[in-house]
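1. output the structure for:
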Amino acid sequence: MTELRVIPSPYPDVDPWLDLRPYLANGWVALAANFCGVMVTPNTLVFSMRLNGDKMTSWNFMEGLPAQELGLTANMPIPIVTPNGASFCLPYSSGIISISSMARLPLNGWDGSGELTVYGVTRRGPIS
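-> Predicted coordinates:
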């Protein structure tokens, strides 16, 4: 697997949290070092991110993820919360984009400024 930095935790050898900050894109920033990670378990990926953007940021908030190595499955929704309410985001081949549950368009009524919280579990796909 690509060498991802392990986020310090009490038990780093047991399902460690991996730092995803190097993959933030388009002006998105993590609110703290330990608020942009993924925990890889044998069957799932657990995401925990608190990000901040402004009106110039894109709906695509992650790029270049080692998706195959993580077992990130395209189009498996991950819950998100925005200032305008809850929705979901979708992984694609090497990134993640925030999506409205209405017609799978960028989040309706949200200008992209403020905090974006990604927290949830998705099924882990086959590893290449």
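2. is I7 in contact with A33, as I believe?
-> Yes. Taking contacts as CB atoms under 8 Å, I7 lies within contact range of A33: 7.0 Å. (Glycine included, C-beta is placed from N, CA and C.)
3. more crowded one of those two?
-> I7 (20 against 12; other CB atoms under 10 Å).
4. quick one, what contacts that one?
-> Applying CB atoms under 8 Å, 6 or more residues apart in numbering to I7 gives the contacts P16, W17, L18, D19, A33, N34, G37.
5. so for T122, what's the nearest residue that isn't a sequence neighbour?
-> M76 (4.5 Å; CB to CB, 6 or more residues apart in numbering).
6. where does this protein have low pLDDT?
-> For the chain, the stretches flagged by pLDDT under 70 are 1-2, 55-57, 99-112, 127-128.
7. in it, which spans are helices?
-> Counting by DSSP state H, the chain has helices at residues 67-70.
8. ranges for the strands of it?
-> Counting by DSSP state E, the chain has strands at residues 17-19, 29-30, 36-40, 44-53, 60-63, 78-82, 85-91, 95-99, 114-123.
9. and those: which comes nearest L72?
-> Nearest to L72 among the strands of the chain is strand 85-91; the distance by CB to CB comes to 4.9 Å.
10. what about that closest one, distance to the chain center?
-> The chain centre lies 10 Å from the centre of strand 85-91; the measure is CA atoms, centre = their mean, to the nearest Å.
11. what's the answer for stretch 70-78, then?
-> The answer for stretch 70-78 is 10 Å, by CA atoms, centre = their mean.
12. in that stretch, which residues are buried?
-> L70, G71, L72, I78 (16 or more other CB atoms under 10 Å).
13. now the third one. Nearest residue, chain neighbours left out?
-> Read that as L72. P91 is the one closest to L72 (CB to CB, 6+ apart), at 4.9 Å.
14. how near is E69 to L4?
-> Noted for E69: a distance of 9 Å to L4, by CB to CB, to the nearest Å.
15. of the two, who's got more company?
-> L4 (20 against 13).
16. contacting residues for the residue nearest to the more buried one when sequence neighbours are not counted?
-> Excluding the flanking residues, the one nearest L4 by CB to CB, 6+ apart is L18, at 4.0 Å. Contacts for L18 (CB under 8 Å, 6+ apart) come out as L4, R5, V6, I7, G37, V38, M39, V40.
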